[in-house]
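J.: missing the sequence, but the structure's below:
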């Protein structure tokens with residue numbers, strides 16, 4: 001398995017996995033029409049924009065094995081003065097979940113945070129209907145800070161939860177201890 005920074009040539013793979021992940025996990029949050037007919041185009045447009053005009057603090061990392069695209073994460077360093085880096089996207093293909101890919105992607109982000117900022121925290125938003133992701137984030141030390149109503153993606157209003165890791169170095173230590 002290899003991990004690397006994503007490049008513009010990865011856009012279609014990223015958009016595909018992103019939209020498929022939404023289809024698998026967000027049926028209760030978005031309409032079937034949006035998920036089945038609009039999600040891929042929505043994500044493709046967004047990912048093209050992110051790679052054509054990347055922000056200075058953007059970090060996209062992917063996991064592959066034998067030419068198969070396994071997952072990706074996208075983060076924005078120093079996104080929030082209180083919570084630090086935003087882990088904006090974390091998606092792993094359904095057939096490879098449970099193999100530690102998501103944790104390795106987050107660990108790559110945490111290592112980058114420590115390198116850039118020292119002992120800085122990071123956070124993400126997860127839709128309240130994505131129970132598997134919520135259990136996973138809690139298992140790896142995320143703390144639910146708040147739940148808010150939103151309609152910034154999709155075609156319906158939904159609830160999302162902010163999960164927070166106060167210290168990237170502590171996250172890395174905890175992940176190493178659990179693997180040992």
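T.: Alright, I've got the coordinates. Nothing here was measured: the structure is a model prediction, and the numbers come from that model. Numbering: from 1, shown residues only.

J.: Could you look up the SS state of residue 27?
T.: Put simply, residue 27 is coil when judged by DSSP: H, G, I helix; E, B strand; the rest coil.

J.: List the contacts of it.
T.: 35, 129 (C-beta atoms under 8 Å, 6 or more residues apart in numbering). C-beta: built from backbone N, CA, C; applies to glycine.

J.: Any stretches of this structure with poor pLDDT?
T.: 118-119, 177-180 (pLDDT under 70).

J.: After the longest helix along the chain, which helix or strand is next? Please name it.
T.: What stands out as the longest helix in the chain, according to DSSP state H, is helix 101-117. Tracing the chain past helix 101-117, the next element assigned as helix or strand by DSSP states H and E is strand 122-127.

J.: where does that next one sit relative to the chain's centre, distance-wise?
T.: 8 Å (C-alpha atoms, centre = their mean, to the nearest Å).

J.: now swap in stretch 33-51 and tell me
T.: Centroid separation for stretch 33-51 versus its chain: 16 Å, with C-alpha atoms, centre = their mean.

J.: which outside residues touch it?
T.: Residues outside stretch 33-51 that contact it (C-beta under 8 Å, 6+ apart) are 6-8, 11-12, 14-16, 18-19, 22-23, 26-27, 30, 58, 60, 74, 153-156.

J.: Go through the residues you listed and flag which are in helices.
T.: Filtering the contacts of stretch 33-51 for helices - DSSP H - leaves 11-12, 14-16, 18-19, 22-23.

J.: Dump these to CSV, plus distance to residue 121 and neighbour count.
T.: Converted to CSV, the ones in helices among the contacts of stretch 33-51 look like this (distance: C-beta to C-beta, whole Å; neighbours: other C-beta atoms under 10 Å):
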residue, distance to residue 121, neighbour count
11, 29, 20
12, 32, 14
14, 25, 24
15, 29, 20
16, 31, 16
18, 25, 21
19, 29, 21
22, 26, 23
23, 31, 16
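
J.: helices and strands around the longest helix of the chain, which ones?
T.: strand 2-5, strand 58-65, strand 68-80, strand 84-92, strand 122-127, helix 168-179 (3 or more C-beta pairs under 8 Å, 6 or more residues apart in numbering; DSSP states H and E).

J.: Now do the buried residues in it.
T.: For helix 101-117, burial by neighbour count (16 or more other C-beta atoms under 10 Å) applies to 101-110, 112-114.

J.: who's in contact with that helix?
T.: Residues contacting helix 101-117 (C-beta under 8 Å, 6+ apart): 1, 3, 59, 61, 63, 70-73, 75, 77-78, 84-85, 87, 90, 92, 120, 122, 136, 140, 165, 168-169, 171-172, 175.

J.: Right, I'll leave it there.
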